[in-house]
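Asks: Prediction below, plus the sequence it came from.
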Amino acid sequence: MKVQLTVHEQYKEIEVHVFTDAYTNEVEQLMKTLKSPKTSMVDGYNATEIRMLKLDDIFTIYVEDAKVYFQTAEEEFESKRKLYELEALLESSFVKVNKSTLVNLSKIVSIQIGIVSTPQLVLDNETTIHISRKYFKLLKEKLMMGRENG
């Protein structure tokens with residue numbers, strides 16, 4: 001692998017280009033590293049403590065009664081941030097699936113598509129979550145599903 005760095009005042013933000021003849025495991029790992037979240041933990045609050053939650057431990061982030069919550073395997077924690085802030089911060093690990101829910105991409109087991117009903121996600125903890133039509137295309141892109149991503 002060749003790496004080249006160019007520093008010049010014309011660039012106002014970091015720009016990365018990857019040139020390759022094939023999409024290999026090495027390229028996939030490089031892309032995941034480049035897209036990795038800016039943070040690996042977030043602060044969650046409950047009645048007695050502030051806990052630093054690892055992103056891998058969070059299944060969903062959702063809004064209920066105008067409050068934002070992190071759902072883990074053991075319990076739920078409140079966030080002091082807005083859903084749109086968390087969506088931007090965690091965009092490489094989480095995807096918005098409906099108006100009030102972000103889902104950890106690594107926790108998705110399957111997508112159930114009914115003939116009449118709307119699609120639902122099934123997570124590692126057997127939770128099912130409604131996928132809004134508005135966000136279904138984004139979900140498919142994040143999961144690299146379909147011909148255009150294949």
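Replies: Noted; the coordinates are in hand. Residues are numbered from 1 along each chain as shown.

Asks: Quick check: phi and psi on Tyr45?
Replies: Main-chain dihedrals, Tyr45, degrees, to the nearest 10: phi -120, psi 140.

Asks: Now for the closest residue to Lys80 other than its chain neighbours: which residues touch it?
Replies: With Cβ to Cβ, 6 or more residues apart in numbering as the criterion, Lys80 has its nearest non-adjacent residue at 6.7 Å, and that residue is Tyr45. For the C-beta atoms, the positions are set from N, CA and C on the backbone; glycine is no exception. Neighbouring residues of Tyr45 by Cβ atoms under 8 Å, 6 or more residues apart in numbering: Arg51, Phe77, Glu78, Ser79, Lys80.

Asks: how about the helices of the chain, start to end?
Replies: For the chain, the helices defined by DSSP state H occupy 25-35, 83-89, 133-142.

Asks: re earlier: between the contacts of Tyr45, which sits nearest Glu141?
Replies: Here the nearest of the contacts of Tyr45 to Glu141, counting by Cβ to Cβ, is Ser79; it sits at 25.4 Å.

Asks: For burial, what's the neighbour tally of Val103?
Replies: Neighbour count of Val103, defined by other Cβ atoms under 10 Å: 27.

Asks: Please name the residues that touch it.
Replies: Here Val103 is in contact with Phe59, Thr60, Phe94, Val95, Val97, Leu121, Leu123, Ile129 (Cβ under 8 Å, 6+ apart).

Asks: In contact with Leu102, which residues?
Replies: Residues near Leu102 by Cβ under 8 Å, 6+ apart: Thr60, Ile61, Tyr62, Leu83, Leu86, Glu87, Leu90, Phe94, Val95, Lys96.

Asks: pretty sure Thr118 contacts Ile129?
Replies: No - applying Cβ atoms under 8 Å, one finds Thr118 not in contact with Ile129, separated by 10.7 Å.

Asks: which of these two has more neighbours?
Replies: Ile129 (17 against 13).

Asks: if you skip the residues just before and after it, what's nearest to that one?
Replies: Per Cβ to Cβ, 6+ apart, closest to Ile129 is Leu121, 4.6 Å.

Asks: How many neighbouring residues does the one you found have?
Replies: Neighbour count of Leu121, defined by other Cβ under 10 Å: 22.

Asks: Over to Leu83?
Replies: Number of residues near Leu83 (other Cβ under 10 Å) recorded here: 18.
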